[in-house]
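Chemist: let me see the structure of the following:
(2 chains)
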Amino acid sequence: MSETMRTIHFTRRTLLRGLALLGVSGAMLPLVGAPRPAAAQGNLANLGPEEPVDATLKRLFGGRPIKDGSSVMKLELPLIAENGSVVPVSVEVAPPPQGHVKSIYIIADRNRRPMNAKFNFSPGVTQPFVGTNLRLNETGDVRAVAELSDGTLLMAKREVKVTVGGCGG
Amino acid sequence: MAEIGRVRIRIPSSIRQGDIVKVRVLVIHPMEIVERKDGKPVDKNYRFINRVLVTYLGNEIAQFETTQSLSENPFFSFAFKATEPGALKVTFLDTHGGKYEGTADIKFS
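Modeler: Now for the predicted structure:
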């Protein structure tokens, strides 16, 4: 899995670098017509789909069981976000006894596209911690899902009250 | 607005070997959100950062896949173990092919 991803990312990087040298801007890429991975597109069809959060969880994790990880995960969010366009979030996962934390997903239930961000870590990272600023559309739960290297899924969630929504889309 | 693509990396002022270092990275970027017209999303090439690569001593330690659900001028914080002095490099890639880089020297005091 990680091997394939590495290959893709390497190719994409090379491709972008090559195009930059040629002076071709990213906006012209659709004209080139080469099929690219969804993450590389800026077009609407290639953004995450608009869907309810249950569909997102199903799409990302299939039917795999998600365990409650609130004892090992620290999810920090404000209780009330006055401005939905800047909501600080941070997730810290206690290092698992075996293996490592492969990725952390941040999912906002009430956003049109609930899948917000995915943070992947290399096996050598012993301190899985991330923080960023989210845009939240309206009051609702924000979830953090940690995927361990053995495939276990852990989830923690918190409700955030949003006074002014921050998402146009 | 400040120029797009300026990257700022904040590291603690003193780092000792073996420390878990928390880093904050900020990039100036509009992170365009989907526009709507009559309730329907407008199809266009939105410009936002969709990938962040973090390398330390030449090895990739983390890679983030991001969407428009992150704020304008996004910041990311993360932690890593400082094993040796060297460069910490963060690369941001956006949907328009932009590539923005920032580096910080990890030195031990």
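Chemist: strands paired with the strand or helix carrying B:V25, and their directions?
Modeler: For B:V25, the enclosing helix or strand under DSSP states H and E is strand B:20-27. Strand pairing for strand B:20-27, using DSSP bridges, gives strand B:7-10 (antiparallel), strand B:75-81 (antiparallel).
Chemist: next, the buried residues of it.
Modeler: B:21-23, B:25-27 (16 or more other C-beta atoms under 10 Å in any protein chain shown). Where you see a C-beta, it was placed from the backbone N, CA and C, and this is true even at glycine.
Chemist: what comes into contact with it?
Modeler: Residues from elsewhere that reach strand B:20-27, judged by C-beta atoms under 8 Å, 6 or more residues apart in numbering or on different chains: A:126-127, A:129, A:131, B:5-12, B:15, B:49, B:73-82, B:88, B:90, B:92, B:100, B:102, B:104, B:106.
Chemist: can you show me the CA trace of it as CSV?
Modeler: Coordinates of the C-alpha atoms in strand B:20-27 are reproduced here as CSV (Å, rounded to 0.1, in the frame of the first residue of the first chain):
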residue,chain,number,x,y,z
ILE,B,20,10.4,15.4,20.6
VAL,B,21,10.1,18.6,18.7
LYS,B,22,6.8,20.3,18.0
VAL,B,23,6.9,22.4,14.8
ARG,B,24,4.4,24.8,13.4
VAL,B,25,4.4,25.5,9.7
LEU,B,26,2.4,28.2,8.1
VAL,B,27,1.8,28.9,4.5
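Chemist: check which element follows it along the chain.
Modeler: Going down the chain from strand B:20-27, the next helix or strand is strand B:36-37, by DSSP H and E.
Chemist: that following strand close to chain A?
Modeler: Yes - using C-beta under 8 Å from any C-beta of the partner chain, strand B:36-37 reaches chain A at B:R36.
Chemist: cool, and stretch B:97-109?
Modeler: Yes - contact of stretch B:97-109 with chain A (C-beta under 8 Å from any C-beta) involves B:97-99.
Chemist: how close does the residue lying farthest from the centre of chain B sit to chain A?
Modeler: Distance from the C-alpha centroid of chain B, by C-alpha atoms, centre = their mean, peaks at B:D38 (34.0 Å). Distance of B:D38 to chain A, computed by C-beta to the nearest C-beta, to the nearest Å: 14 Å.
Chemist: closest one to A:E138 among the strands paired with strand B:20-27?
Modeler: strand B:75-81 (23.1 Å; C-beta to C-beta).
Chemist: and that closest one, average pLDDT?
Modeler: Mean pLDDT, strand B:75-81: 92.
Chemist: am I right that A:A55 is in a helix?
Modeler: Yes - checked against DSSP: H, G, I helix; E, B strand; the rest coil, A:A55 lies within a helix.
Chemist: which residues are in contact with it?
Modeler: Taking C-beta under 8 Å, 6+ apart, we find A:A55 in contact with A:P49.
Chemist: again, but for the one 3 residues further on
Modeler: Applying C-beta under 8 Å, 6+ apart, one finds that A:K58 lies in contact with no residue.
Chemist: so it: helix, strand or coil?
Modeler: helix.
Chemist: that one and A:S70, how far apart?
Modeler: Plainly put, A:K58 is 22 Å away from A:S70 if you go by C-beta to C-beta, to the nearest Å.
Chemist: what does A:S103 give?
Modeler: Taken as C-beta to C-beta, the span from A:S103 to A:S70 is 18 Å.
Chemist: between the two, tell me which one has more neighbours.
Modeler: Neighbours per residue, other C-beta atoms under 10 Å in any protein chain shown: of A:S103 and A:S70, the larger number sits with A:S103, 19 against 14.
Chemist: how about the more buried one, secondary structure?
Modeler: Following three-state DSSP, A:S103 is assigned to strand.
Chemist: just the helices in chain A please.
Modeler: Here chain A has its helices, by DSSP state H, at A:2-22, A:29-32, A:53-61.
Chemist: list the buried residues for the longest strand anywhere in chain A?
Modeler: In chain A, taking DSSP state E as the definition, the longest strand is strand A:153-164. Within strand A:153-164, the residues that count as buried by 16+ other C-beta under 10 Å are A:153-157, A:160, A:162.
Chemist: out of the residues you listed, which is nearest to B:I33?
Modeler: Nearest to B:I33 out of these is A:V162 (C-beta to C-beta; 15.3 Å).
Chemist: I appreciate the help and will end here.
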